[in-house]
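Make a model of this:
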Amino acid sequence: MAPSIRLSPAARSLFDEPLAIAVQGLGPRQQVTLRTSLRDETGQLFQASAHYQAGDDGELDLARCPALPGGSFSGLEPMGLLWALQHLLWALQPQKPFWYMMKQDVQSPFLLQLEVFEGHGERPGRLLAQAQHERVFLRDGVRRVPVRQGRIRATLFLPPGNGPFPGIIDLYGTGGGLPEYRACLLANYGFAVLALAFYSYEDLPREMKEFHLEYFEEAVNYMLQHAQVKGPGIGLLGHSKGGDLCISMASFLKGIAATALINGSVANVGAVLRYKDITIPPLGANLKRIKVSKSGIADIIDVLNNPLEGPDQQSFIPLEKAECCFLFIVGQDDHNWKSEFFAVEGSKRLQAHGKEKPEILCYPGAGHYIEPPFFPMCAASMHLLFGKPVMWGGEPKAHCKAQIDAWQHIQAFFHKHLTGKPSGTSSKL
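Numbering: from 1, shown residues only. Predicted coordinates for the structure are as follows:
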């Protein structure tokens with residue numbers, strides 16, 4: 001029997017669900033190299049490889065067989081060939097040594113290529129088997145609805161059925177634009193999720209200089225008034241700069257029941273925030289505190305001032321005004337800023353004002369970009385505000401485990417506080 005790759009699910013799976021990989025038809029204890037390849041929508045190639053040895057029966061099941069040293073990872077890692085994907089350094093593009101994997105068109109899948117090669121050589125041996133698999137972002141029946149109402153520039157994802165569904169607004173960080181992939185993956189689990197752009201998109205401001213909370217209030221009201229969104233309150237999910245915007249929304253706007261932050265700040269960062277007659281200045285920064293490695297990668301973790309000291313106290317968002325529950329997700333190796341410090345100080349401030357202690361989840365070895373499961377960790381990439389590549393932190397294996405655990409906690413948090421029920425949705429397509 002010729003070697004063949006066996007996948008479960010066989011042809012396609014949701015991007016955030018596990019993929020079982022096995023090879024059959026090998027020789028007894030045959031040594032092979034498995035390689036995965038994936039091209040993003042810009043044509044950039046990501047690859048991972050691992051060395052294995054088949055069992056006495058010629059079977060190789062990644063759920064039972066540990067990877068041997070010498071590849072992208074070693075040990076028992078059934079999903080290692082996905083989380084260890086790394087951008088291939090193209091000789092033609094030395095100016096782009098770090099590339100962040102994003103999904104722009106969530107209606108099309110990523111195509112994963114799997115190959116089995118003979119031996120453990122530095123160069124691939126004879127090709128023994130290959131297969132393709134689609135990693136999709138939308139469960140069948142999930143609806144994608146572009147929203148251009150008033151000033152709102154967003155995309156709403158609605159689960160199958162008539163609803164009403166618990167509603168969430170999803171905000172990303174300083175990259176701008178309108179990333180949709182986290183929102184649509186979350187909608188697969190029964191949430192109505194609005195991916196909201198707030199700058200550098202269509203007719204929104206091109207630069208991050210000043211934000212008016214009235215824009216975000218418009219989005220909150222849109223969700224609260226939507227026939228398929230369950231009231232009386234909605235959830236907020238924000239990463240990085242999106243995190244402190246979510247805290248500001250929860251602090252000043254009505255109708256927020258739950259707020260989850262992924263490596264967010266409790267101080268207003270990067271731009272002036274205005275709401276009615278209130279102005280919150282951005283937290284001060286000192287660029288002299290940037291450390292630059294020999295490879296030219298900047299470490300910016302110490303750049304921001306302390307929001308507990310001097311005039312920078314004006315930048316601390318008054319989250320004690322919020323009437324919602326908070327979840328802080330913290331990567332303890334975050335090099336963008338001091339996420340754990342922000343979470344702890346936010347917790348202290350809430351409790352000092354008699355508010356409920358927030359849930360804080362700390363993940364050792366996780367960096368800044370804690371994404372949905374199985375997105376490869378990005379160690380460093382271009383930072384739009386600094387204009388140079390910066391390190392985000394993280395160790396790939398620990399970061400992957402953090403993404404899987406955090407994703408489950410985010411869903412459970414919103415199910416609990418928006419529906420009063422525990423999470424229990426299957427991830428099958």
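
From here on, just use CA atoms for contacts and neighbour counts.
Will do.

Nearest residue to the spatially most central residue of the chain in space, please, no chain neighbours.
Ranked by distance to the mean C-alpha position of the chain (Cα atoms, centre = their mean), the top residue is residue 371 at 1.8 Å. Nearest non-adjacent residue to residue 371, counting by Cα to Cα, 6 or more residues apart in numbering: residue 403, 5.9 Å away.

now residue 19
residue 8 (5.9 Å).

Can you report how many residues lie near the one you found?
Neighbour count for residue 8, taken as other Cα atoms under 10 Å: 13.

what does residue 289 give?
13.

was I right about it contacting residue 298?
No: using Cα atoms under 8 Å as the test, residue 289 is too far from residue 298 to be in contact (10.2 Å).

about what we covered before: how close does the residue nearest to residue 19 sit to residue 182?
23 Å (Cα to Cα, to the nearest Å).

Identify the residues contacting residue 404.
372, 373, 374 (Cα atoms under 8 Å, 6 or more residues apart in numbering).

Would you mind measuring from the residue nearest to residue 371 to residue 372?
6 Å.

Which positions in stretch 117-137 come out as buried?
For stretch 117-137, the neighbour count (16 or more other Cα atoms under 10 Å) marks 117-120, 124, 128-130, 132-137 as buried.

now swap in stretch 343-354 and tell me
343, 345, 346, 347, 349, 350.

residue ranges with poor pLDDT in the protein?
By pLDDT under 70, the low-scoring segments of the chain are 89-97, 422-429.

how does it divide into domains?
Annotated domains of the chain cover 4-136, 143-416 [automatic domain parsing].

Quick one: end-to-end length of the first one, please.
Right, domain 4-136. Terminal residues of domain 4-136 lie 23 Å apart, using Cα to Cα.

about what we covered before: just the ones of the buried residues of stretch 117-137 in strands?
Residues of the buried residues of stretch 117-137 located in strands (DSSP state E): 117, 118, 128, 129, 130, 132, 133, 134, 135, 136.

Which parts of the stretch 1-150 of the chain are helices?
Under the criterion DSSP state H, counting those that start in this stretch, the stretch 1-150 of the chain contains helices at 80-83.

ok so, going back, and the residue nearest to residue 371, which helix or strand is it part of?
For residue 403, the element it lies in under DSSP states H and E is helix 396-419.

Buried residues, that helix. List them.
In helix 396-419, counting by 16+ other Cα under 10 Å, buried: 396-404, 406-407, 409-415, 417-419.

got it, and stretch 309-325?
Going by neighbour count (16+ other Cα under 10 Å), the buried part of stretch 309-325 is 312-320, 322-325.

any residues touching that stretch, and which ones?
Contacts for stretch 309-325 (Cα under 8 Å, 6+ apart): 244, 247-248, 250-252, 256-259, 266-269, 280-284, 305-308, 346, 349-350, 353, 355-356, 358, 417.

Off-centre distance for it?
Computed by Cα atoms, centre = their mean, to the nearest Å, the chain-centroid distance of stretch 309-325 equals 25 Å.

likewise stretch 258-272?
Worked out by Cα atoms, centre = their mean, stretch 258-272 lies 15 Å from the chain centre.

Double-check that residue 345 belongs to a strand.
No: counting by DSSP: H, G, I helix; E, B strand; the rest coil, residue 345 is not part of a strand but helix.

The closest residue to residue 34 other than its chain neighbours: neighbour count?
Here the nearest residue to residue 34 in space, its sequence neighbours aside, is residue 116; by Cα to Cα, 6+ apart that works out to 4.7 Å. Residue 116 has 25 neighbouring residues, counting by other Cα under 10 Å.

I figured residue 116 hits residue 125, correct?
No: in this structure residue 116 lies outside contact range of residue 125 using Cα under 8 Å: 9.0 Å.

returning to that earlier point: among the ones in strands among the buried residues of stretch 117-137, which pair sits farthest apart?
By the measure Cα to Cα, 118 and 136 form the most distant pair in those, at 29.9 Å.

got a list of what the residue nearest to residue 19 touches?
Residue 8 makes contacts with 19, 20, 21, as judged by Cα under 8 Å, 6+ apart.

for residue 186, same thing?
Contacts for residue 186 were tallied using Cα under 8 Å, 6+ apart; they are 193, 411.

ok, now how distant is it from residue 372?
9 Å.

got it, and residue 171?
Plainly put, residue 171 is 14 Å away from residue 372 if you go by Cα to Cα.

quick one, which of the two is more surrounded?
Taking neighbours as other Cα under 10 Å, residue 171 and residue 372 compare with residue 171 leading, 28 against 23.

which residues does that one bridge with?
Beta bridges link residue 171 to residue 238 when assigned by DSSP bridges.

who touches it in this structure?
By Cα under 8 Å, 6+ apart, residue 171 lies in contact with 195, 196, 197, 236, 237, 238, 239, 242, 243, 246.

List the contacts of residue 106.
Taking Cα under 8 Å, 6+ apart, we find residue 106 in contact with 136, 137, 138, 180, 181, 184.

can you name the two of these that are farthest apart?
Taking Cα to Cα, no two of the contacts of residue 106 sit farther apart than 136 and 180, at 13.1 Å.

Relative to residue 196, how far out is the residue lying closest to residue 51 once chain neighbours are set aside?
Using Cα to Cα, 6+ apart and skipping the chain neighbours, the partner closest in space to residue 51 is residue 33 (4.6 Å). For residue 33, the distance to residue 196 equals 42 Å [Cα to Cα].

what do you get for residue 393?
In this view, residue 393 and residue 196 are 26 Å apart by Cα to Cα.

Quickly note the distance from residue 189 to residue 376.
Distance of residue 189 to residue 376, given as Cα to Cα: 22 Å.

can you check residue 6 too?
In terms of Cα to Cα, residue 6 sits 23 Å off from residue 376.

So the two - more neighbours on which side?
Counting neighbours by other Cα under 10 Å for residue 6 and for residue 376 shows that residue 376 has the greater number, 27 against 17.

Now for the closest residue to that one other than its chain neighbours: which residues touch it?
Distance criterion Cα to Cα, 6+ apart; nearest residue to residue 376, sequence neighbours excluded, is residue 83 at 4.8 Å. Neighbouring residues of residue 83 by Cα under 8 Å, 6+ apart: 374, 375, 376, 377, 396, 397, 400.
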